[in-house]
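Q: build me a model:
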Amino acid sequence: SGRTRLYAANTAAADWFRAQLASPEADAGRRFLGERGFDAGAAAHFGIGYAPKGWNGLRDALKAQGFSDDEMLAAGLLSQGQRGAYDRFRGRVVWPIRDITGQTIGFGARRLFDDDNGPKYLNTPETPIYKKAQVLYGLDLAKKAITRDHRVVVVEGYTDVMACHLAGVTTAIATCGTAFGSDHISVLRRVMGDDSTSGEVIFTFDPDAAGQKAALRAFGDEKRFAAQTYVAVAPDGLDPCDLRLSRGDAAVRTLVETKAPMFEFVIDQRLSGFDLATVEGRVGALRATAPVVADIRDQALRPGYTRVLARKLGMDLGEVTPAVERAARASRASHHDTGPRQETSSRRDAPRHTGAARHGARTS
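A: Presented below is the predicted three-dimensional model:
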């Protein structure tokens, strides 16, 4: 069938790219990997390859194996120009992106050369078998550990997934050039068996503004996981790849263990926008944060986190508790109005993020 040929073309391309990584021209690719702490064994484990700079290397190799231009175009391996089809990936380190069964369905490729005017990271376009909204890099390697541990660590880039796995955090996965979204959650829920509250989803975010926005966006959809959701932010804002390079494997494992509940992270983010030294600032901050505590799924935890919020605000518990109760009533009313929510989630783009902190509660 057509789909079978697309899988076959991607598999053949993955084999060819992998072989090219040993070529003299791929020295820049090997150096890129080496500088990030990845040796030949690591490259082989993740099936990393190299796309040569020429326009027709892959095309000629796959033609010799009986694949047509139309099949390679449909698989996202070639691009169409005015003068005909040409290799989509050129002069780049290439990661094979596989589905949950381990079949190669596409590629992510990183620019290596200064004269390359293309994007830093280039992915396979949408094809009949590659849907970026559903694809999670590393899931084929992580699925067993995710199912066993009821835990998943969401990092940002291909190299972060590699660093985590090599450091022993084998539940790490990443999105491929798109935000973490509802389809990704559906995929993860199936793998985690996310019908209980015992699971953990740990997001690693950059501590910069974009990373904080990503965390808030993820929190907005976090309700769709039954699992407890956490945020990990590494010391000095290092992503897992850089953290492993500078501080070793143990630091990566510690990053994941020292996680903070997602809603606590969100509370701190929201409070940072107010001047708590003023009455007006405290009242505004209470309005902004009461709904976060009201949304904590486990009602037994809510009073304790109401006290935490009161302490952070420097307000009396008698002022904070009614605000949380009002927010909970408003949330129930709006939930009732809109009907049951769909099961799903959200997060930020492309290669690179990070994560830190404590033990967790869940939100609804």
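
Q: check which helices and strands the host helix or strand of Arg282 sits against.
A: Assessed by DSSP states H and E, Arg282 sits inside helix 279-294. If you count contacts as 3 or more CB pairs under 8 Å, 6 or more residues apart in numbering; DSSP states H and E, helix 279-294 packs onto helix 262-271, helix 302-313, helix 317-338. The C-beta positions use only the backbone N, C-alpha and C, and glycine is treated the same way.

Q: any chance of these in TSV, with distance to Pro235 too?
A: Rendered in TSV, the data for the helices and strands packed on helix 279-294 read as follows (distance: least, CB to CB, whole Å):
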stretch	distance to Pro235
helix 262-271	16
helix 302-313	22
helix 317-338	31
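
Q: per-domain residue ranges of the protein.
A: According to automatic domain parsing, the chain comprises the domains 2-123, 149-364.

Q: run the chain-centre distance for the last one.
A: Domain 149-364 has its average C-alpha position 13 Å from the chain's average C-alpha position, going by CA atoms, centre = their mean, to the nearest Å.

Q: hmm, who's touching stretch 28-39?
A: With contact meaning CB atoms under 8 Å, 6 or more residues apart in numbering, stretch 28-39 is reached by 21, 40, 42-43, 48, 50, 92-93, 110, 112-113, 159, 162-163, 166, 241, 244-245.

Q: please report how far the residue nearest the centre of the chain lies from Ile97.
A: Residue closest to the average C-alpha location in the chain (CA atoms, centre = their mean): Ala174, at 3.5 Å. Look at Ala174 and Ile97: by CB to CB, to the nearest Å, they are 10 Å apart.

Q: pull up the overlap in contacts between the two.
A: Shared contacts of Ala174 and Ile97, defined by CB under 8 Å, 6+ apart, are found at Tyr137.

Q: low-confidence regions, the chain specifically.
A: Under the criterion pLDDT under 70, the flagged ranges of the chain are 194-197, 207-213, 215-216, 218-227, 335-364.

Q: point me to the residue sitting farthest from the middle of it.
A: Gly318 (40.0 Å).

Q: count of residues packed around Lys63?
A: Neighbour count of Lys63, defined by other CB atoms under 10 Å: 13.

Q: what's the helix or strand for it?
A: Assigned by DSSP H and E, Lys63 belongs to helix 57-64.

Q: so which residues of the stretch 51-200 of the chain form helices?
A: 57-64, 69-74, 139-149, 158-166, 182-192 (DSSP state H, counting those that start in this stretch).

Q: so what does the shortest one touch, helix or strand wise?
A: I take that to be helix 69-74. Helix 69-74 sits against helix 2-20, helix 57-64, strand 78-81, strand 84-87, with contacts defined as 3+ CB pairs under 8 Å, 6+ apart.

Q: name the residues of that helix that are buried.
A: For helix 69-74, burial by neighbour count (16 or more other CB atoms under 10 Å) applies to 69, 71-74.

Q: coming back round to it: dump the residue contacts of the residue nearest to the centre of the chain.
A: Going by CB under 8 Å, 6+ apart, Ala174 touches 136-138, 154-158, 160-161, 351.
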